[in-house]
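Trainee: build me a model from this:
(one chain, ligands or ions: 1)
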Amino acid sequence: MPNIQKTKTSIDAVPDGGKESGNKDEWVIRGTDIEKTYDSWLPFGRTVEALDGASLTVNEAELVGIVGGNGSGKSTLMEILVGVLERDGGTVERRGTVGWCPQETLLYDRLTVRETMGLFGRGYGMDRDEIADRLGWLADKLGYEEYLDTRIDHLSGGNHQKVNLSVALLHQPDVLLLDEPYTGFDWETYQTFWDLTDELAKQGIAIVIISHFVEEHDRFDRIYELQDHRLALQEPEKQAVPAEGV
Ligand SMILES: Nc1ncnc2c1ncn2[C@@H]1O[C@H](COP(=O)(O)OP(=O)(O)OP(=O)(O)O)[C@@H](O)[C@H]1O
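Mentor: You can find the predicted model right below:
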């Protein structure tokens, strides 16, 4: 199953928590001097340098943002941090379980929402009751209870994204890596999303959100900007205004 990296089991009996709140001094992901260049398949094709010395640290219970323009390398970085894409250089260290919500969803069209969660839940090593409890909690939180028996390819874009997010959250990971997680959400769901991230952070879960545009800067512990293939901490005054052209 592509969207988890398991280094320890951490599925709690309580579906909506049970974890102690985290320690913001304890790192859960550390990336140092990450490098990635895409080679061309064609003999005289162009190579694309995506990352050249990108470094970041994410601690328990932190909400960290990564912003950057289209093509700046955000998804490349996230895939390397999750462990589904090989890097050319640098190091990545992870502690605990990782939940990943990719930009391109990896859901099977012909399965219902419930079947999807059953499939991923079993892949995560959860039993039937754990899956049912957690799914009930997530569907209630994100408001898609009435679609549990709907096929994935019959969902609206926003509900599809809610299920995509729920797959990443199903096994109560220690770190959540979310690539443009609120695309397609209506305003109410967008607010619910932030309530949920607050609640998860209080449980000690570290959350990394990648977006080309971050609006509510106060919610984040830190925001990195991906520019010239590297990460730089965004200055507080710059965080107060949206990036030009958004
Ligand atoms: N498989 C690939 N082969 C070749 N080049 C690639 C590949 N994947 C990404 N790239 C290139 O690497 C660069 C970074 O891409 P990436 O998708 O990481 O950017 P991004 O910041 O996530 O973009 P967006 O905001 O548009 O989603 C881009 O120039 C892109 O065209």
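
Trainee: off-centre distance for the helix or strand containing residue 166?
Mentor: For residue 166, the element it lies in under DSSP states H and E is helix 157-169. Here the centre of helix 157-169 is set off from its chain's centre by 11 Å, with CA atoms, centre = their mean, to the nearest Å.

Trainee: which strand residues bridge the residue positioned nearest the centre of the chain?
Mentor: Taking CA atoms, centre = their mean, the centroid of the chain lies closest to residue 178, which sits 1.9 Å from it. For residue 178, the beta-bridge assignment (DSSP bridges) gives partners residue 101, residue 209.

Trainee: what do you get for residue 227?
Mentor: Where residue 227 sits in a bridge, its partners, by DSSP bridges, are residue 230.

Trainee: what's around it, how many residues?
Mentor: 14 (other CB atoms under 10 Å). Yep, even glycine has a C-beta here, placed from its N, CA and C like the rest.

Trainee: quick check: it vs residue 135, distance?
Mentor: Residue 227 is 39 Å from residue 135, where distance means CB to CB, to the nearest Å.

Trainee: so how far is residue 114 from the residue nearest to the centre of the chain?
Mentor: 23 Å.

Trainee: check residue 146 too.
Mentor: In terms of CB to CB, residue 146 sits 12 Å off from residue 114.

Trainee: and the helix or strand hosting residue 116, what does it pack onto?
Mentor: Using DSSP H and E, residue 116 sits in helix 113-123. Helix 113-123 makes packing contacts with helix 128-142, helix 157-169 when contacts are defined by 3 or more CB pairs under 8 Å, 6 or more residues apart in numbering; DSSP states H and E.

Trainee: residue 86 is nearest to which of the ones you listed?
Mentor: Checking these against residue 86 by CB to CB gives helix 157-169 as the closest, at 21.6 Å.

Trainee: helices of this protein, start to end?
Mentor: Ranges of helices in the chain, per DSSP state H, are 74-82, 113-123, 128-142, 157-169, 187-202, 236-239.

Trainee: and the ones you listed, which is most packed in?
Mentor: helix 74-82 (a mean of 23; mean count of other CB atoms under 10 Å).

Trainee: tell me if that one is near the ligand.
Mentor: Yes. Helix 74-82 lies within reach of the ligand by CB under 6 Å from any ligand atom, at 74-76.

Trainee: just list what that helix packs against, helices and strands only.
Mentor: Packed next to helix 74-82, using 3+ CB pairs under 8 Å, 6+ apart, are strand 27-38, strand 48-59, strand 63-67, strand 89-94, strand 98-101, strand 175-179, strand 206-211.

Trainee: show me where the protein dips below the pLDDT cut-off.
Mentor: 1-23, 235-246 (pLDDT under 70).

Trainee: how about the residues of it that lie near the ligand?
Mentor: 38, 48, 50, 68, 70-76, 212.

Trainee: try 5 Å
Mentor: Counting by CB under 5 Å from any ligand atom, the residues of the chain lying close to the ligand are 38, 48, 50, 70-76, 212.

Trainee: can you redo those residues as CSV with distance to residue 125?
Mentor: What follows is these, written out as CSV (distance: CB to CB, whole Å):
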residue, distance to residue 125
38, 34
48, 37
50, 33
70, 37
71, 37
72, 35
73, 32
74, 30
75, 27
76, 29
212, 34
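
Trainee: type out the ChimeraX command that picks the buried ones from those.
Mentor: In ChimeraX, this line selects whichever of these come out buried by 16 or more other CB atoms under 10 Å:
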select :50,72,73,74,75,76
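
Trainee: CSV please, covering the helices and strands packed on helix 74-82 and showing distance to residue 192.
Mentor: Output for these, formatted as CSV (distance: least, CB to CB, whole Å):
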stretch, distance to residue 192
strand 27-38, 25
strand 48-59, 23
strand 63-67, 16
strand 89-94, 28
strand 98-101, 15
strand 175-179, 14
strand 206-211, 15
